[in-house]
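Engineer: Dropping a prediction and its sequence here:
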Amino acid sequence: MNTQSLLEKAVQASEKACVEILEVYHSGDFQAELKGDNSPLTLADKKAHDTITSTLQSFNLPILSEEGAAISYDERKTWEYFWMIDPLDGTKEFLKRNGEFTVNIALIHKKKAVLGVVAVPVTGDIYYASEQGAFINRKGVVKKLAYRGRINLQQPGLRVVASRSHLNTDTQQFIDSLKQPSLVSSGSSLKFMLLAEGAADVYPRHAPTMEWDTAAAHAIVNAVGLQVLKQGSAEELTYNKKNLLNPGFLVC
């Protein structure tokens with residue numbers, strides 16, 4: 001499997017999706033509706049999905065997308081490699097027009113995210129990672145993201161990432177257990193990217209997420225030495241489960 005060519009195509013797909021998303025974003029015609037789980041869906045989600053899937057189809061790998069048709073576990077459990085995408089992560093942030101939304105594309109191999117791309121339409125930043133490490137392309141300048149050292153949760157002054165839309169009681173209790181923490185807020189998978197860039201130290205998540213919300217970012221933070229641990233466990237999140245809902249997790 002030539003992961004470099006896969007990565008290049010995934011980056012290309014994310015760039016195309018960003019163009020589609022920004023076109024809707026600046027038009028103001030979101031055509032928002034509610035899905036069956038009461039989460040929002042916009043024209044931008046649909047256009048980004050169509051663009052990404054059409055771009056990635058040349059590799060003949062299966063695609064599992066938040067906005068795609070439901071695929072049974074009996075079918076997908078046989079997949080060795082497949083794309084997992086969230087065409088527009090942070091639709092609520094998109095509707096708020098705060099810029100904190102992303103395009104997420106991951107390659108999954110045997111339940112692990114081995115390649116990831118997180119693109120930020122409003123800023124143009126593109127984060128990506130493979131076995132060569134993690135990088136950011138910011139305004140055309142590519143920089144390798146530094147490897148992160150271990151932290152001690154007992155040390156004072158830790159920078160804790162919390163969601164603007166999902167700060168719940170369990171998360172607040174975790175924050176309260178730390179010594180003199182400072183809070184860093186962001187939307188979508190940008191929360192992971194704060195840790196990847198060294199702008200935050202820990203990210204507790206007790207609110208529900210789906211696998212496509214975390215897969216691409218998981219590959220990127222792994223590439224800089226961080227882990228995404230299941231809540232109360234030393235095991236990392238896995239992908240392509242029968243139930244695609246993630247358990248709570250801690251990134252550190």
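Structural biologist: In hand now; what should we look at? Numbers count the residues shown, from 1 in each chain.
Engineer: My guess is Phe174 contacts Pro204. True?
Structural biologist: Yes - using CB atoms under 8 Å, Phe174 is in contact with Pro204, at 4.5 Å. C-beta: built from backbone N, CA, C; applies to glycine.
Engineer: Mutual contacts of those two, please.
Structural biologist: Val160 (CB atoms under 8 Å, 6 or more residues apart in numbering).
Engineer: Tell me who's in contact with Asp89.
Structural biologist: Per CB under 8 Å, 6+ apart, neighbours of Asp89: Phe101, Thr102, Val103, Asn104, Ser188, Ser189, Trp212, Asp213.
Engineer: Go through these and give me the one with the most neighbours.
Structural biologist: When neighbours are taken as other CB atoms under 10 Å, the top entry among the contacts of Asp89 is Thr102 (34 neighbours).
Engineer: Contact partners for that one?
Structural biologist: Taking CB under 8 Å, 6+ apart, one finds Asp86, Leu88, Asp89, Gly90, Val118, Ala119, Val120, Pro121, Ser188, Ser189, Leu190 in contact with Thr102.
Engineer: Same question for Arg76.
Structural biologist: Contacts of Arg76 (CB under 8 Å, 6+ apart): Pro62, Leu64, Phe82, Asn240.
Engineer: Look up how far Cys252 lies from the second one.
Structural biologist: Okay, so that is Leu64. Using CB to CB, to the nearest Å, Leu64 is found at 27 Å from Cys252.
Engineer: Likewise for the third one?
Structural biologist: Distance of Phe82 to Cys252, given as CB to CB: 28 Å.
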